[in-house]
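A.B. asks: give the three-dimensional model of this entry:
(one chain, ligands or ions: 2)
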Amino acid sequence: MFLLFFIGFLLRSKMGRILLAILVAVLSVPIYYIYLKPAPQLPEVDLEEWWGTALSKSKYNDTIRPFRISFTPTMIKDLKDRLRDRHPLTPPLSGVNFEYGFNSKQLETWLKYWGESYDFSEREEFFNKYPHFKTNIQGLDIHFIKVTPEVPAGVEVVPLLLLHGWPGSVREFYEAIPLLTAVSKTRDFALEVIIPSLPGYGFSSEAKKPGLGADKMAVVFKNLMNRLGYKKYYVQGGDWGSLITNIMATFFPDEVLGYHSNMAFLMKPTYTLSTFIGALYPPLVVEAAARDRIYPLFDFYAHLIEETGYMHIQSTKPDTVGVALSDSPAGLAAYILEKFSTWTNKVYRSSRDGGLHNHYTKTQLLDNLMVYWSTNTITTSMRLYAETFNSRYLSLALDDIPTKVPTWVIQAKNEVVYIPTWAIKTKYHNLLNNTILDDGGHFLAFQLPEIFSKDVLKAIESFREWHKKNKKTEL
Ligand SMILES: *[C@@H]1O[C@H](CO)[C@@H](O)[C@H](O)[C@H]1NC(C)=O
Ligand SMILES: *[C@@H]1O[C@H](CO)[C@@H](O)[C@H](O)[C@H]1NC(C)=O
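C.D. replies: Numbering: from 1, shown residues only. Ligands and ions are numbered 1, 2, ... in the order given. Purely as a prediction, here's the structure:
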């Protein structure tokens, strides 16, 4: 916090800016030399690391089984009982909307709807409208949706892995699936989509031992794609899904034909430093169309700190907060829905209903909540933070290892972070486009399925052209 105010002071006064310029100049010398070092090597990847129990290893089989999502009467009754038999919620302060967290008056309306109006059997049908499967990968029962389009002769079917993040689920892609898999006269290909639940999320089982970070999940999903018979495929992700598919592109560049992301990440000290230099003169660092997404830098970091408390908790004590959230549907609803408010647009904090009804129906958001509640996976989902934001993972410095896999990024107006085009290119040498979207937020596929799907399809089309030009094997 102190550091933040210090940086703020530096940016706000003239003397401070001069001081900062001197500081940056002095610091850049050693940093320049540090980064002249050769890039870190790819770590050794264990393709068979076992995440289940020892017993499950002896019983292992590699069958792919059809799966149905079910909301059992026992689960529904228990949920309704808990929604009814809860402590009264603490009333919000006068004049406060979502500035202190989820507004409890608003929460009442969600809980009432969940217990009394949410149609469990109709929603169960809805969930099952696409074909679901499970297969065991490295001791984890991995759940996935797979939708294959029917195509006329001459149209090629191309596999695309789509990965969700936290606190999302496969539900985020439901509206986009028909758009993504549609056959079009203007395209010589159609997408087959494979949409898994991350391990420990919803219908996929969780690791039984520590260590299943984003890099290890990248291996699980490579193995899933190979299990399904794909030797080469495209990947797409947002949030954790973006990081995991990014790592797949880094680890397996001969398999991943293209990487599309709706959340750019770049964990590079040199990039962070450049944003500080940019505070003196923003055009140095970021394109005009996205300048207000990073600058003023003080506001950017203030917002980031305000909105990432959950991340510190989940990276350190996921099991503690997990006890409360898995015991109380009211708690889970407040915790998860808050993210759909603020990450869709930060200004929704000061809106009466948290802006939740601007883009989603109650049913849509409760569907996503049901994925966590019905499977009791909130605790195991949060552990991904602890398994990734630690010295083991960070010391791999994967963002310092460039990848040649063709890449396409779309950055929504209200995404939590923005990375400038030049900076993305330091990691992704074949960045084919950075779509600077003047709309939308963090849950792009869910919020704007048409814009999302169009961008993904344009990206795959460009990836295919790129492979033709570069005379690589293509799909
Ligand atoms: C394979 O293992 C799963 C559990 O992972 C089990 O449900 C299924 O019945 C097994 N299938 C066969 C053919 O052994
Ligand atoms: C590539 O990104 C630019 C900048 O955001 C955007 O204007 C353009 O529409 C994108 N290109 C395609 C083919 O989508």
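A.B. asks: ok but F133 is inside a strand, no?
C.D. replies: Yes - F133: assigned to a strand according to DSSP: H, G, I helix; E, B strand; the rest coil.
A.B. asks: quickly note the distance from the residue nearest the centre of the chain to W343.
C.D. replies: By CA atoms, centre = their mean, the chain has its centre lying nearest to D239, at 1.7 Å. Here D239 is placed at a distance of 9 Å from W343 (CB to CB, to the nearest Å). Where C-beta positions appear, they are placed from N, C-alpha and C, glycine not excepted.
A.B. asks: give the residues shared as contacts by these two.
C.D. replies: Applying CB atoms under 8 Å, 6 or more residues apart in numbering, one finds that D239 and W343 are jointly contacted by H442.
A.B. asks: in its sheet, what does the helix or strand hosting L162 sit against?
C.D. replies: Applying DSSP states H and E as the criterion places L162 in strand 156-163. Using DSSP bridges, strand 156-163 pairs in its sheet with strand 189-196 (parallel), strand 233-237 (parallel).
A.B. asks: now L394, nearest residue through space, not along the chain?
C.D. replies: M267 (7.6 Å; CB to CB, 6 or more residues apart in numbering).
A.B. asks: wait, the one you found sits on I401?
C.D. replies: No - using CB atoms under 8 Å as the test, M267 is too far from I401 to be in contact (11.7 Å).
A.B. asks: so what's S350 up against?
C.D. replies: Going by CB under 8 Å, 6+ apart, S350 touches 97-99.
A.B. asks: put the buried members of these into a PyMOL selection.
C.D. replies: Buried members of the contacts of S350, defined by 16 or more other CB atoms under 10 Å, are picked up in PyMOL with:
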select buried, resi 97+98
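A.B. asks: SS state for the closest residue to N433 other than its chain neighbours?
C.D. replies: In this structure, N433 finds its nearest non-sequential neighbour in W408, 5.2 Å apart by CB to CB, 6+ apart. Of the three states, W408 takes strand according to three-state DSSP.
A.B. asks: identify the residues contacting the helix or strand hosting F463?
C.D. replies: Applying DSSP H and E as the criterion places F463 in helix 449-469. Residues outside helix 449-469 that contact it (CB under 8 Å, 6+ apart): 158, 160, 175-176, 179-180, 187, 189, 191, 234, 236, 257-258, 260, 262, 406, 408, 410, 430, 432-433, 435, 437, 439-440, 444-445, 473-475.
A.B. asks: buried stuff in the strand holding L162?
C.D. replies: Residues of strand 156-163 classed as buried: 158-163 (neighbour count, 16+ other CB under 10 Å).
A.B. asks: give the next helix or strand downstream of it.
C.D. replies: Downstream of strand 156-163 (by DSSP H and E), the next one is helix 177-180.
A.B. asks: what's near enough to touch the closest residue to ligand 1 within the stretch 201-350 of the chain?
C.D. replies: Closest residue of the stretch 201-350 of the chain to ligand 1, CB to the nearest ligand atom: S205 (8.6 Å). Counting by CB under 8 Å, 6+ apart, S205 touches 52, 140-142, 199.
A.B. asks: restricted to buried residues, select those residues in ChimeraX.
C.D. replies: The ChimeraX command for the buried members of the contacts of S205 (criterion: 16+ other CB under 10 Å) is given here:
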select :52,140,141,142,199
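A.B. asks: output the contacts of S205 as JSON lines; include the columns secondary structure, pLDDT and distance to ligand 2.
C.D. replies: Converted to JSON lines, these look like this (DSSP: H, G, I helix; E, B strand; the rest coil; pLDDT from 0 to 100; distance: CB to the nearest ligand atom, whole Å):
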{"residue": "G52", "secondary structure": "coil", "pLDDT": "96", "distance to ligand 2": "42"}
{"residue": "L140", "secondary structure": "strand", "pLDDT": "98", "distance to ligand 2": "36"}
{"residue": "D141", "secondary structure": "strand", "pLDDT": "97", "distance to ligand 2": "38"}
{"residue": "I142", "secondary structure": "strand", "pLDDT": "98", "distance to ligand 2": "32"}
{"residue": "P199", "secondary structure": "coil", "pLDDT": "98", "distance to ligand 2": "33"}
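A.B. asks: which of the contacts of S205 sit farthest apart?
C.D. replies: Farthest pair in the contacts of S205 (CB to CB) is G52 and I142. Separation: 11.3 Å.
A.B. asks: can I assume the residue of the stretch 201-350 of the chain closest to ligand 1 sits in a strand?
C.D. replies: No - counting by three-state DSSP, S205 is not part of a strand but coil.
A.B. asks: report how many residues lie close to the residue nearest to N433.
C.D. replies: Residue crowding around W408 was assessed by other CB atoms under 10 Å; the count is 27.
A.B. asks: got it, and V347?
C.D. replies: Neighbours of V347 using other CB under 10 Å come to 10.
A.B. asks: that one: what's it in contact with?
C.D. replies: G355.
A.B. asks: any idea how far it lies from G95?
C.D. replies: Distance of V347 to G95, given as CB to CB: 17 Å.
A.B. asks: again with K317
C.D. replies: To G95, K317 is 32 Å away according to CB to CB.
A.B. asks: neighbour count winner among those two?
C.D. replies: Neighbours per residue, other CB under 10 Å: of K317 and G95, the larger number sits with K317, 12 against 6.
A.B. asks: contacting residues around that one?
C.D. replies: Contacts of K317 (CB under 8 Å, 6+ apart): none.
A.B. asks: how close does it get to S381?
C.D. replies: Plainly put, K317 is 14 Å away from S381 if you go by CB to CB.
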